[in-house]
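Enquirer: starting from these lines, generate the structure:
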Amino acid sequence: MPTETETLQAGASSDAALETPAALEMHGITKRFPGVNALEDVDLTLQAGKVHALMGENGAGKSTLIKIMAGVYRKDGGSIRMRGREIDIASPRDSLHQGIKVVFQEIALIPEFTVAENIFLEAYPTGRSGSIDWRKIRADAAALFQRIGFDVDPAARTGSLAVSKQQMVEIARALVHEARVVVMDEPTSSLTPNEVALLFTVIRRLAAFGIAVVYVSHKLDEVFEIADTVTVLRDGRHVSTRPIAEHSHQTLIQDMIGRQIDTLFSRQRPAARSTVALSVQGLSTAHKLRNVSFEAHAGEVLGFFGLMGAGRTELAKAIVGYDPITAGTITIDGKPLAPHDTHTGVRLGIGLLTEDRKTEGLMAELPVYQNASLASLGAFATMGFVDAPKEHRAVQDYVQRFRVKTPGLFQQIKNLSGGNQQKILIARWLMRGLKVIVVDEPTRGIDVGAKSEIFALIDRLAAEGLSVIMMTSEMPELLGLSDRIAVLHEGRLTATMPRDDATQENILDAAIGGRRDGRRLPEK
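Expert: Numbering: from 1, shown residues only. Modelled structure (predicted):
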């Protein structure tokens, strides 16, 4: 593999770059599954030393395309060339041998192995006797991390590392195999802002080494910051490939969804009411929350922000009765949440839209109508039997109201897009007649077109008088949707502020513990 100096010198001349074959060319790629054309005549060309974003709504074909690159799927048509030479990728081993490394969202490391063992998993260096040279493994791993500018202990157990450090282990594996193409699939979905900044530093260094980086993401701001070029897929077809400098947010969104969105955050609701829908006083839990107090009003979106580990999800689960508390009181519409459990919470009118909808929200194998009516079956029961037509009519009303895209009520919910699944989960709670809904990361894993619909839906719910408590790590949606913003740091509430007074700087200051209710915290 060329040294960093050699690569930078080789990339200094744009004329020379034009003469160099592309790192990877995919032409006319087609992939069919029973009843579905996942990809149809798709082109993708990657240049060495460049970051190439791959974007599109859920179901656009991004995952299928990168799985073909990774050797997980075989293409049904088209050709693949690396540096001018046609290749066939029949398996993940073929892909790695050709110099392609895909870092999937679900990181493929062995948690019980050390960092160094994971890095050299496919090719352990051996000594003269043929035995594995463990000292060399650790030394080479340390050298790789120094090369990409990241500090990880090669002897650490991989399962004990944060997600951001596990990603660096995957990147180091790519360098071991002299990868010419590195694909990153939604790499920042679980990272803090500081970790994202560090990841971007590493990505730029990979590009400086002459590696072509494919960056798959739904996050527009990240793409504009890190990408040189962006390719957009829609419905399994190639829509556009353009330098990122030629795009605006609006043109990129329009390419992705086929229509223009005037604004992601269209606020139609009036000012929040003075009625207190939820009051939390002195709330503490055994392991995270400490003396948290706040009020939320009818017709308001109260946004909670915090860095990873700040306690957003713990607070969401505690105030609906899901997680036990050690101190404090919770009242919903003036009535105490006592006993503190989810049954009482639902009876009083509070519901939770969980962060992890796949494992904590959806019944994946059940149809749309059963997922929607799950919390309200009693309302459709007569003498112990569910009145199915009545149940179906109620669900159909919400499907139409929320514009859920589904072939029908009997479609398995696992086959719907993330945005439509989220709408059904919101419908599940609204069928209970809620006063307060807690939404934890409501747009995680959802494409930009569906995000705009979820944002509009949250705005509409607040306009109808519901109190919405929104936990989010996304600064744009925090500032775009919230009437007031509360910030958590290490389980404590460090600031609350009206949206008009909120800036990214003072929110982040509070998120690292700098402020409490708008005032500087005393030094410890």
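Enquirer: do you know how far the residue nearest the centre of the chain is from residue 304?
Expert: The residue lying closest to the centre of the chain (CA atoms, centre = their mean) is residue 189, at 3.6 Å. Distance from residue 189 to residue 304, counting by CB to CB, to the nearest Å: 19 Å. Backbone N, C-alpha and C define where each C-beta goes, glycine included.
Enquirer: how deep is the closest residue to the residue nearest to the centre of the chain other than its chain neighbours tucked in, by neighbour count?
Expert: Nearest in space to residue 189, with sequence neighbours left out and distances taken as CB to CB, 6 or more residues apart in numbering, is residue 105 at 6.3 Å. Counted with other CB atoms under 10 Å, the neighbours of residue 105 add up to 14.
Enquirer: name all residues that make contact with residue 105.
Expert: Applying CB atoms under 8 Å, 6 or more residues apart in numbering to residue 105 gives the contacts 185-187, 189.
Enquirer: for the stretch 1-150 of the chain, what spans make up the strands?
Expert: Per DSSP state E, counting those that start in this stretch, the stretch 1-150 of the chain carries strands over the ranges 24-33, 36-46, 51-55, 77-82, 85-87, 100-103.
Enquirer: out of the ones you listed, flag the one nearest residue 463.
Expert: Closest approach to residue 463 among those (CB to CB): strand 51-55, 31.1 Å.
Enquirer: OK, contacts around residue 416?
Expert: By CB under 8 Å, 6+ apart, the neighbours of residue 416 are 368, 404-406, 424.
Enquirer: mind redoing it with 6 Å?
Expert: The contact partners of residue 416, taken as CB atoms under 6 Å, 6 or more residues apart in numbering, are residue 406.
Enquirer: mind checking how far the residue nearest to residue 189 is from residue 357?
Expert: Following CB to CB, the distance that separates residue 105 from residue 357 is 15 Å.
Enquirer: contacting residues for residue 470?
Expert: 301, 303, 439.
Enquirer: try residue 42
Expert: Going by CB under 6 Å, 6+ apart, the list of residues near residue 42 reads 29, 238.
Enquirer: buried residues in stretch 278-289?
Expert: Of the residues in stretch 278-289, 278-280, 283-285, 288-289 count as buried by neighbour count, 16 or more other CB atoms under 10 Å.
Enquirer: name the surrounding residues that touch that stretch.
Expert: 290-296, 311, 314, 318-319, 325-332, 436, 467, 491.
Enquirer: now, of those residues, which are buried?
Expert: 290, 292, 294-296, 311, 314, 318-319, 325, 328, 330-332, 436, 467, 491.
Enquirer: show me these that map onto strands.
Expert: 292, 294-296, 328, 330-332, 436, 467 (DSSP state E).
Enquirer: how about those residues in a markdown table, adding distance to residue 193 and pLDDT?
Expert: Below are these laid out as a markdown table (distance: CB to CB, whole Å; pLDDT from 0 to 100):
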| residue | distance to residue 193 | pLDDT |
| --- | --- | --- |
| 292 | 22 | 96 |
| 294 | 23 | 96 |
| 295 | 28 | 96 |
| 296 | 26 | 96 |
| 328 | 30 | 95 |
| 330 | 30 | 97 |
| 331 | 34 | 96 |
| 332 | 33 | 95 |
| 436 | 29 | 94 |
| 467 | 28 | 94 |
